[in-house]
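>>> What follows is a predicted structure for the sequence shown.
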Amino acid sequence: SQPAGSGPDAMARLISDQLSRKFNQPMIVENRPGGQNAIGAQAAARASGDGYTFYFATAAALVMNSYLFKNLPYDPRKDFIPVGMVGTVPFAVSVNAASPIKSFQDLIAFAKANPGKLDIANEGPKTFSGMITLLLASQLGIKVNSVPYASVSAAVNDTVGGQIEVIVSDVPSVTQMVKSGKLRPLAVTTAKRISGWESVPAIAETLPGFNYAGWIGIVAPAATPTAVIQRFNHELDVVLSDKDMAARLLTIGPIAEGAGTVAQMGTLLDGEHQRWARLTRELGILPE
């Protein structure tokens, strides 16, 4: 459900290329972007459960949309069955390199001293980065201006250009600008620091228990036979457990650590539903 050329599209093509060799038949990646993932999800949900269609899905499509939109054209829980995990995608809070805000503690201090003066770029209120922005303000007891952008690349460009000082985004979207010294990461949203960014603290070091990451998983239309699901899960796990493959995926975004089992993917989905239900209640966000 992601546009061609996007991070998830690149991941899907890398993985499908390997899987097509294992199954000895071509696998086609079909892009159905739009509607906050709903267009692609609906197409996958309505596909025949004959074992030939799988849905490469984001956390938004399978969980978050349930709590943000009233009339989804699909039911994330009833229309799909879990297959396996692809990987987790950490998010980060970063600033323009010229910013006087040098650390996450500086950011909190500035926001407390200047209520409502701190602008934070993100992808909008119904997206992961927008929710993280609201959650941070709520849990830190600060007032900020959440500034929505139509795309993460536009938000990154404005932060690099100095039109806005702070950005909340997925780590892959800012990695190049961090490496080139144009952006400074202040904190990551995962429970622990992440590989390659060891000097960047986790928000959890300030807010114990804070642990939010995007993720990508694979599900299948509900009627897909169990034997097909198990075979796909096994081959996916073999592909993702390959060290070279994990390294290649990391250059695009997700931290891949194998597919896990079908049951583990189901448990993850249940846990994420409970978490986002609680979070949207806490933030007073009603489905629209």
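Right, received. Where do you want to start? Numbering: from 1, shown residues only.
>>> C-alpha only now, for contacts and for neighbours.
OK.
>>> secondary structure class for residue 193?
coil (DSSP: H, G, I helix; E, B strand; the rest coil).
>>> Just the pLDDT at it, thanks.
What the model reports for residue 193 is a pLDDT of 95.
>>> Likewise for the one 4 residues further on?
Listed pLDDT for residue 197 reads 93.
>>> Then residue 1?
Per-residue pLDDT puts residue 1 at 49.
>>> For the most far-flung residue of the chain relative to its centre, give me the pLDDT.
Within the chain, the residue lying farthest from the chain centre (Cα atoms, centre = their mean) is residue 113, at 31.4 Å. Residue 113 carries a pLDDT score of 97 in this model.
>>> before we move on, what about residue 223?
So residue 223 comes in at 94 (pLDDT).
>>> any idea how far the residue nearest to it when sequence neighbours are not counted lies from residue 212?
Leaving aside its chain neighbours, residue 223 sits nearest to residue 49 (4.5 Å; criterion: Cα to Cα, 6 or more residues apart in numbering). For residue 49, the distance to residue 212 (Cα to Cα, to the nearest Å) stands at 32 Å.
>>> Over to residue 48?
Residue 48 is 33 Å from residue 212, by Cα to Cα.
>>> Which one's more surrounded, those two?
Per other Cα atoms under 10 Å, whichever of residue 48 and residue 212 has more neighbours is residue 212, with 19 against 14.
>>> and residue 85, what are its phi and psi?
phi -90, psi 140 (degrees, to the nearest 10).
>>> Tell me who's in contact with it.
216, 217, 218, 258, 259, 260, 265 (Cα atoms under 8 Å, 6 or more residues apart in numbering).
>>> which of the residues in the longest helix seen in the chain are buried?
Ranked by residue count and defined by DSSP state H, the top helix of the chain is helix 262-282. Going by neighbour count (16 or more other Cα atoms under 10 Å), the buried part of helix 262-282 is 262, 265, 266, 269, 272, 273, 276, 277, 280.
>>> go on, stretch 153-171?
Within stretch 153-171, the residues scored as buried using 16+ other Cα under 10 Å are 155-156, 158-160, 164-171.
>>> model confidence over that stretch, on average?
96.
>>> end to end, how far does that stretch reach?
In stretch 153-171, first residue to last residue: 12 Å (Cα to Cα).
>>> still on that earlier bit, out of the contacts of residue 85, the closest to residue 148 would be?
residue 216 (23.0 Å; Cα to Cα).
>>> List of residues touching the host helix or strand of the closest one?
If you go by DSSP states H and E, residue 216 is part of strand 213-221. With contact meaning Cα under 8 Å, 6+ apart, strand 213-221 is reached by 8, 44-49, 51, 53-59, 79-91, 128, 170, 189-190, 229, 254, 265.
>>> how about the helix or strand that that strand is followed by: buried residues?
Toward the C-terminal end, the helix or strand that comes next after strand 213-221 (DSSP H and E) is helix 226-241. Within helix 226-241, the residues scored as buried using 16+ other Cα under 10 Å are 229, 232, 233, 234, 235, 236, 237, 239, 240, 241.
>>> quick one: which of the residues you listed is nearest to residue 177?
residue 240 (27.3 Å).
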